[in-house]
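S.K.: here you go, sequence then predicted model.
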Number of protein chains: 2
Amino acid sequence: MPKTSSCENDPDNCLTQCIHPAAIRAVRAALPARSLLAELAEFYKLFGDGTRLRILAALSIAELCVCDLSTLLDMKQPAVSHQLRTLKQARIVKARREGKVIYYSLTDEHIRHVLRVGMEHLGEQYETTEAL
Amino acid sequence: MPKTSSCENDPDNCLTQCIHPAAIRAVRAALPARSLLAELAEFYKLFGDGTRLRILAALSIAELCVCDLSTLLDMKQPAVSHQLRTLKQARIVKARREGKVIYYSLTDEHIRHVLRVGMEHLGEQYETTEAL
DNA sequence: CATACATATGCATATATGTACATGTGAACA
DNA sequence: TGTTCACATGTACATATATGCATATGTATG
């Protein structure tokens, strides 16, 4: 017979019972809302692409225009523009127009901080890049 | 005629010249290696999915087994296992076996830190969840 | 040793997403 | 006002990936 019959059962998971109902209740109470975590995932997702990360790393060093970025990163201009659009919509970068040229930069120091924390995780063996 | 003819030209970007060759040189010198940034992107990518993030948020509160997770998050057991496998390969979570049950937890405090930094970025309006 | 159960894995598929190509937009300048 | 050039956008497509289903693995137990 089941050890704990008083918890929500889902025959797709554990056949007869959930194993630690107390733990589940505790975690459920403290777990951030699903919608909040979804929003957070969308944020992290933007850092989860090599191209975008190279753009962000470059912008963390200096303000750059689209042309500079595409030369620097050896990318087609439309590809850079598309990524910048995504990053701008997410308020990760901001744009500043000067004549025909548009300069992009990180919106705030917080973005730089996120990059730094990730770099640190890759391990001290990489000797954290001074750029970030 | 071009203002600066001494810089690497890529007709796909700026037709006649790159705009700020000095800035490009400076950034190029400080930019982390492409491979390092690719590795970093792979790391962030794992946080860029709502499901995985819910798993990580749950594990940041308590050690849990697969069955608990699938009940808690209302997911099929194989889906949870698949994500846990990915997270384990990336050393973001670790597993501990106890009989038939396998308990998962975050590998270290650094992961919790990454989650916290992301939460903070979502803005103070969310009143940073005490769970993280 | 056979059964039960928690978890892992293989495979198929639907969806998401990054990039290329072509074209549109907008500002400066003659 | 027409041209040039930096940048943006629309569409198409190829790839990556998250999930569901079926099934395998491994451990305890009778």
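M.R.: The structure has been received and is ready for your questions.
S.K.: assumed residue A:96 was part of a strand.
M.R.: Yes. Residue A:96 forms part of a strand when assessed by DSSP: H, G, I helix; E, B strand; the rest coil.
S.K.: tell me, what's the model's pLDDT at it?
M.R.: If you check residue A:96, the pLDDT there is 96.
S.K.: any idea how far it is from residue A:79?
M.R.: To residue A:79, residue A:96 is 21 Å away according to C-beta to C-beta, to the nearest Å. All C-beta spots, glycine's among them, are computed from the backbone N, C-alpha and C.
S.K.: where are the low-confidence patches of chain A?
M.R.: In the predicted model of chain A, residues A:1-18, A:123-132 satisfy pLDDT under 70.
S.K.: quick one: the strands in it, in order.
M.R.: A:64-65, A:93-98, A:101-106 (DSSP state E).
S.K.: burial count for residue A:109?
M.R.: By other C-beta atoms under 10 Å in any protein chain shown, 10 other residues sit near residue A:109.
S.K.: and it, how far from residue A:86?
M.R.: 21 Å.
S.K.: ok, residue A:44 next?
M.R.: For residue A:44, the distance to residue A:86 (C-beta to C-beta) stands at 14 Å.
S.K.: in chain A, which residue is most central in space?
M.R.: residue A:44 (1.5 Å; C-alpha atoms, centre = their mean).
S.K.: is it true that that residue touches residue B:43?
M.R.: No. Taking contacts as C-beta atoms under 8 Å, residue A:44 lies outside contact range of residue B:43: 9.6 Å.
S.K.: on that earlier part again, can you tell me the closest non-neighbouring residue to the residue nearest to the centre of chain A?
M.R.: residue B:47 (3.7 Å; C-beta to C-beta, 6 or more residues apart in numbering or on different chains).
S.K.: what residues are up against the one you found?
M.R.: By C-beta atoms under 8 Å, 6 or more residues apart in numbering or on different chains, residue B:47 lies in contact with A:40-41, A:44, A:47-48, B:53, B:56, B:114-115, B:118.
S.K.: show me which of those is closest to DNA strand D.
M.R.: residue A:48 (8.1 Å; C-beta to the nearest atom of the strand).
S.K.: residues near that closest one, how many?
M.R.: 19.
S.K.: up against DNA strand C, what does chain A have?
M.R.: A:14-17, A:19, A:45, A:48-52, A:75-76, A:78-79, A:82-83, A:86, A:97, A:99-100 (C-beta under 7 Å from any atom of the strand).
S.K.: which of these are buried?
M.R.: Taking 16 or more other C-beta atoms under 10 Å in any protein chain shown as the criterion, what is buried in those is A:14, A:17, A:19, A:45, A:48-52, A:75, A:83.
S.K.: let's have these in TSV, adding distance to residue B:32.
M.R.: TSV is the format used below for these (distance: C-beta to C-beta, whole Å):
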residue	distance to residue B:32
A:14	45
A:17	49
A:19	44
A:45	20
A:48	16
A:49	15
A:50	11
A:51	14
A:52	14
A:75	17
A:83	18
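S.K.: just the ones of those in helices?
M.R.: The members of those that map onto helices under DSSP state H are A:45, A:50-52, A:83.
S.K.: of those, closest to chain B?
M.R.: residue A:45 (3.3 Å; C-beta to the nearest C-beta).
S.K.: isn't that closest one right next to residue B:50, touching?
M.R.: No. Assessed by C-beta under 8 Å, residue A:45 is found out of contact with residue B:50, at 9.5 Å.
S.K.: and the gap between residue A:32 and DNA strand C?
M.R.: 20 Å (C-beta to the nearest atom of the strand, to the nearest Å).
S.K.: wait, that residue sits on residue B:57?
M.R.: Yes. With contact defined as C-beta under 8 Å, residue A:32 counts as touching residue B:57 (5.9 Å).
S.K.: got the residues of chain A near DNA strand D?
M.R.: A:65-67, A:77-78, A:80-82, A:84-85, A:95, A:100-102.
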